[in-house]
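Asker: Model the structure of this input:
(chains A and B)
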Amino acid sequence: MTVDLAIVGAGPAGMAAATLAAELGLETVLIDEQDGPGGQIYRGIERASAQRNDPSPLGRDYLAGRPLAAALGASGVDYRAATTLWHIDPEGTLWLAAQNRSDTIAARRILLATGAIERPVPIPGWTLPGVMTAGAAQILLKTADLVPEGRAVLAGQGPLLYLAALQLARAGEPPLALLETTSPGNYVAAMRHLGSLWAGCRAAAKGLALIAGVRRAGIPIRRGVRGLRAVGRTRFEHVVWDGGALDAEHLLLHEGVIPNTQIGLALQLVHEWDAAQLSWQPKIDEWGRTSLPNIAVAGDGGGIFGAEAAVLSGRLAALDAAAALGRLDDAERDRHARPIRAALARDRAIRPFLDALYRPSPSVLVPPDDDTIACRCEEVSVGRIRHAVQLGAPGPNQLKAFTRCGMGPCQGRICGPIVSAVIAEARGVPIAEIGNYRPRAPYKPITVGALAGIGVDPTDQAC
Amino acid sequence: MFRPRPDGPAATIAVEVEGRTVRVPAGASAAAAVLLAGLPSIRETPVTGSGRAPYCMMGICFDCLAEINGVPNRQSCMIAARPGMRIRRQYGAREIAPNDASDHLPFFPLPEPRSGGA
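Answerer: Residues are numbered from 1 along each chain as shown, chains lettered A, B, ... in the order given. Reported below is the predicted structural model:
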């Protein structure tokens, strides 16, 4: 089967791109691992739609995902839910697995809308049960209406941390405390972007309302927290920081989000280190075009700008795909793109301010303590990485042979950013020069049975 | 340990977590069922045997690997809870039973486990 456009990821960028592409006459397939559309930000959005009379603790911004999902549903897009993409070859074949069967789709163009992941927060004790990301707690609330039982402490920084605190309070389980790690110097640095604050005044007002909401909910906020540690024997028991400690059952960590680059790195798209967002990002142009001619990126996977910007960048990528396939001429594409670009500029205006304000401290990128685990899967400590560098491991891929770091089931998704930063520091060279792991297929585990069944007709009993 | 929020939807799907019946609302993942069941951890790591629980809930960290309906190494946060689903903790590396059906062999780009296993 050959389609015009295959889109990977049904978050805001993927939903918007697929809907517009179908409208423009492209035969479009949208692949997503989740049961329903929405990505992480609008996770479980169709479930929320079904409970229309319930005052959701998730808030109004979350419900902005409803019309996107509804438009996708009405679009005629071939939407493949609960489908795992485990390989793409650069010529345009996508290898999928669903219900323990594997299948391929050939696509003239591919749009990666793989969104963001939470930045790893490697503190001592972060592997203990009871420690999870703030986003994980949000997902449990979005998908299953579950809240942490007992005392929960939120620690880190960024808009999502405040939002999660407020959502948990609305859901009847206000966190015990919010430990904010924003360093005082960040406020000064952020003030240099006052212009962006003014241009992004709508987003800024939302942020202020969020913080006011957390205060109104009576959640104590402790500022300038440093030296976070999770302590416990077999489970998390208390959180300790320089000058304080709290007993709790849950520690929810968050230091912002970074692009999910796993598939792009496997495709060997050109990636660059973004010094403002402190993350690796695929090199893309104003349409989301990457270093491969048939592959584009839209949404937070191409740089963190939030859900509304993701919708707009998804639409731009759909317009460009239609033009590349001859369904629109360039002038038409540009005409349709103009208002989208204007809205995108407004949406992105606040970002330099937020990037400066919530810039993670150096200890988030490079854990100072040698005993801190960097690779959760293979349980490789930061000290072992430093030692391997002394022995001559120059980069992340060589480090694998020295330590097995990055060779566990997550395939370096979590430790990748930590490893690059620790090696850079140990060698005294910029992260940009260190590079990344080179992930390989299968991107996600598939069974031997699914592999063996490729190309086999399931109705043919003879085999 | 997690609990349903007050005023949340009814828990209608019955799954088995370590042999105990747990009811979860529609939309919950197998990992959510484990957290609701209150297990101290979902697996023990192959390297040091330390306990782990779901960390990211979005298919990134693989700390929620568990045995689901007899198949080990499943990403439980990515699998929707279904009526009658059997979810069990996983100890160390997955074991491959000698006569297991090839359909159920989980495939990782990993060498064989260092201890135990097949």
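Asker: List the beta-bridge partners for the spatially most central residue of chain B.
Answerer: The centre of chain B sits closest to B:Ala66, judged by Cα atoms, centre = their mean, with a distance of 2.9 Å. When assigned by DSSP bridges, B:Ala66 has beta-bridge partners B:Arg74.
Asker: what's near enough to touch it?
Answerer: B:Ala30, B:Ala31, B:Val34, B:Ile42, B:Arg43, B:Pro72, B:Arg74, B:Ser76, B:Ile87, B:Arg88, B:Arg89, B:Gln90 (Cβ atoms under 8 Å, 6 or more residues apart in numbering or on different chains). Every C-beta, even on glycine, is put in place using the N, C-alpha and C of the backbone.
Asker: What would the top strand by length along chain A look like as CSV? C-alpha coordinates only.
Answerer: Counting residues, the longest strand found in chain A (DSSP state E) is strand A:101-112. The C-alpha trace of strand A:101-112 is given here as CSV (Å, rounded to 0.1, in the frame of the first residue of the first chain):
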residue,chain,number,x,y,z
ARG,A,101,1.1,-8.5,13.4
SER,A,102,3.6,-6.5,11.4
ASP,A,103,2.9,-4.7,8.2
THR,A,104,4.5,-2.1,5.9
ILE,A,105,3.2,1.1,4.3
ALA,A,106,5.0,3.0,1.6
ALA,A,107,4.6,6.8,1.9
ARG,A,108,5.6,9.5,-0.6
ARG,A,109,6.2,11.8,2.3
ILE,A,110,6.6,11.3,6.0
LEU,A,111,5.8,13.8,8.8
LEU,A,112,7.3,13.0,12.2
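Asker: Can you list the helices and strands that it packs against?
Answerer: strand A:2-8, strand A:93-98, strand A:295-297, helix A:307-324, helix A:448-452 (3 or more Cβ pairs under 8 Å, 6 or more residues apart in numbering or on different chains; DSSP states H and E).
Asker: Out of those, which one sits most buried?
Answerer: With neighbours defined as mean count of other Cβ atoms under 10 Å in any protein chain shown, these peak in mean count at strand A:295-297, which reaches a mean of 28.
Asker: just checking, what packs against that one?
Answerer: strand A:101-112, helix A:307-324.
Asker: next one: phi and psi at the spatially closest residue to B:Ala30 that is not a sequence neighbour?
Answerer: Once flanking residues are discounted, B:Ala30 sits nearest to B:Ser76: 3.9 Å by Cβ to Cβ, 6 or more residues apart in numbering or on different chains. Taking degrees, to the nearest 10, you get phi -70, psi -20 for the backbone angles of B:Ser76.
Asker: which residues touch B:Ser76?
Answerer: B:Ser29, B:Ala30, B:Ala31, B:Val34, B:Ile42, B:Pro54, B:Cys64, B:Leu65, B:Ala66, B:Ile68, B:Ile87.
Asker: tell me the pLDDT at the most centrally placed residue in chain A?
Answerer: Central residue of chain A (Cα atoms, centre = their mean): A:Ala116, 1.5 Å from the mean position. According to the prediction, A:Ala116 has pLDDT 98.
Asker: That one touches A:Pro12, doesn't it?
Answerer: No. Using Cβ atoms under 8 Å, A:Ala116 is not in contact with A:Pro12; the gap is 11.0 Å.
Asker: got the contact list for residue 32?
Answerer: Picking chain A for this. With Cβ under 8 Å, 6+ apart, A:Asp32 has these contacts: A:Val8, A:Gly9, A:Ala10, A:Gly14, A:Gly39, A:Tyr79, A:Arg80, A:Ala81, A:Ala82, A:Thr83.
Asker: oops, I was thinking of chain B
Answerer: Neighbours of B:Ala32 in contact, by Cβ under 8 Å, 6+ apart: A:Leu140, A:Thr143, A:Ala144, A:Leu146, B:Phe2, B:Val24, B:Met57, B:Cys77, B:Ala81.
Asker: Pairing partners for the fifth one in the sheet, please.
Answerer: Per DSSP bridges, the residues bridged to B:Phe2 are A:Pro148.
Asker: Just to check, it is in contact with A:Gly150?
Answerer: No. Between B:Phe2 and A:Gly150 there is no contact, the gap being 9.7 Å when judged by Cβ under 8 Å.
Asker: Up against chain B, what does the stretch 301-450 of chain A have?
Answerer: A:376-379, A:407-411, A:413-414, A:440, A:442, A:444-450 (Cβ under 8 Å from any Cβ of the partner chain).
Asker: Confidence-wise, which helix or strand of chain A is lowest on average?
Answerer: helix A:45-50 (a mean of 77; mean pLDDT, DSSP states H and E).
Asker: Now the element after it, going C-ward?
Answerer: Next along the chain after helix A:45-50, taking DSSP states H and E as the criterion, comes helix A:60-63.
Asker: Briefly note if that following helix comes near chain B.
Answerer: No. Helix A:60-63 does not reach chain B (Cβ under 8 Å from any Cβ); its nearest approach is 14.2 Å.
Asker: what residues does that helix touch?
Answerer: A:Ile41, A:Tyr42, A:Ile45, A:Ala48, A:Ser56, A:Lys142, A:Lys206, A:Ala307.
Asker: so how far is A:Ser196 from the single nearest residue of the stretch 301-450 of chain A relative to chain B?
Answerer: Proximity of the stretch 301-450 of chain A to chain B (Cβ to the nearest Cβ) peaks at A:Gly449, 3.3 Å away. When Cβ to Cβ, to the nearest Å is the yardstick, A:Gly449 and A:Ser196 sit 52 Å from each other.
Asker: List the buried residues in stretch A:107-125.
Answerer: A:107-125 (16 or more other Cβ atoms under 10 Å in any protein chain shown).
Asker: In JSON lines: the contacts of B:Ala32, plus secondary structure.
Answerer: As requested, the contacts of B:Ala32 are exported to JSON lines (DSSP: H, G, I helix; E, B strand; the rest coil):
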{"residue": "A:Leu140", "secondary structure": "helix"}
{"residue": "A:Thr143", "secondary structure": "helix"}
{"residue": "A:Ala144", "secondary structure": "helix"}
{"residue": "A:Leu146", "secondary structure": "strand"}
{"residue": "B:Phe2", "secondary structure": "strand"}
{"residue": "B:Val24", "secondary structure": "strand"}
{"residue": "B:Met57", "secondary structure": "coil"}
{"residue": "B:Cys77", "secondary structure": "helix"}
{"residue": "B:Ala81", "secondary structure": "coil"}
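Asker: correct me, but B:Thr48 touches A:Glu379?
Answerer: Yes. In this structure, B:Thr48 is within contact of A:Glu379 by Cβ under 8 Å, at 5.6 Å.
Asker: Which one of the two is surrounded by more residues?
Answerer: A:Glu379 (18 against 9; other Cβ atoms under 10 Å in any protein chain shown).
Asker: ok, for the more buried one, nearest residue in space, not its chain neighbours?
Answerer: That would be B:Val47: by Cβ to Cβ, 6+ apart, it lies 4.4 Å from A:Glu379.
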